[in-house]
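>>> what's the 3D shape of this:
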Amino acid sequence: MDDMTNAMKTDINKFVRKHQDSLRQYLRLLGCADDILDDLAQETFLVFLRKDPSLPSDGAAAAFLRRTAINLLRNSRRIDARRMAILRQDAADRIWSRYQLDARPSAYGDTLRACLKELPQSMNDTVNLHYRDGMSGPQVAAAKGLSEADVWTTLSRARRKLRNCINRKLNHEL
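Numbers count the residues shown, from 1 in each chain. Okay, here's the model as predicted:
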């Protein structure tokens with residue numbers, strides 16, 4: 001930006017001031033976390049300025065900024081999802097190694113099966129439909145005549161009960 005004239009810098013500053021509040025509101029509307037909001041807004045303006053910033057109208061510029069912002073937000077979410085998947089895999093590997101589940105692979109499976117039998121029948125049915133039969137939440141809800149929220153609540157409670165049961169039976173904390 002050293003080779004820019006003062007007039008160009010002033011125009012860019014005016015443009016950013018004119019659009020930054022609405023861009024930030026748009027990102028918030030999309031559910032953008034506050035900790036990355038400013039970074040995404042700044043990156044959006046940088047993408048705009050790298051392109052030819054002479055769009056025919058403010059409406060066209062605002063539309064470009066919105067499209068760019070949502071693409072940057074989606075990309076950020078994909079990166080975060082990949083990072084979380086890697087962290088979950090690392091945690092699973094550490095747990096597997098810590099409790100030497102390879103050395104006694106049937107102990108965990110046997111314990112899980114025993115704990116599944118301890119669940120109430122309705123909860124067990126929901127778990128089986130979702131995990132064993134591979135049905136989605138809405139499919140389980142339709143099959144059982146429940147709301148989706150009830151299915152997710154039941155699955156969450158079942159996982160908690162199973163986790164507590166397995167910990168108790170294997171005498172360790174995960």
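
>>> Okay, now the unreliable bits of this structure?
1-4, 52-53, 55-56, 95-106, 172-174 (pLDDT under 70).

>>> Could I get the full set of helices for it?
If DSSP state H is used as the criterion, the helices of the chain fall at 6-29, 34-50, 58-98, 105-118, 121-127, 137-144, 148-170.

>>> Packing partners of the last one?
Contact here means 3 or more CB pairs under 8 Å, 6 or more residues apart in numbering; DSSP states H and E; on that basis helix 148-170 packs against helix 105-118, helix 121-127, helix 137-144. All C-beta atoms are positioned from the backbone trio N, CA, C, and that covers glycine.

>>> then the last one to PDB, C-alphas only?
Coordinates of the C-alpha atoms in helix 137-144 are reproduced here as PDB (Å, rounded to 0.1, in the frame of the first residue of the first chain):
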ATOM      1  CA  GLY A 137     -32.400 -38.400  14.300                       C
ATOM      2  CA  PRO A 138     -35.400 -37.500  12.200                       C
ATOM      3  CA  GLN A 139     -35.800 -41.100  11.000                       C
ATOM      4  CA  VAL A 140     -35.700 -42.400  14.600                       C
ATOM      5  CA  ALA A 141     -38.200 -39.700  15.600                       C
ATOM      6  CA  ALA A 142     -40.600 -40.800  12.900                       C
ATOM      7  CA  ALA A 143     -40.200 -44.500  13.700                       C
ATOM      8  CA  LYS A 144     -40.800 -44.000  17.400                       C
END
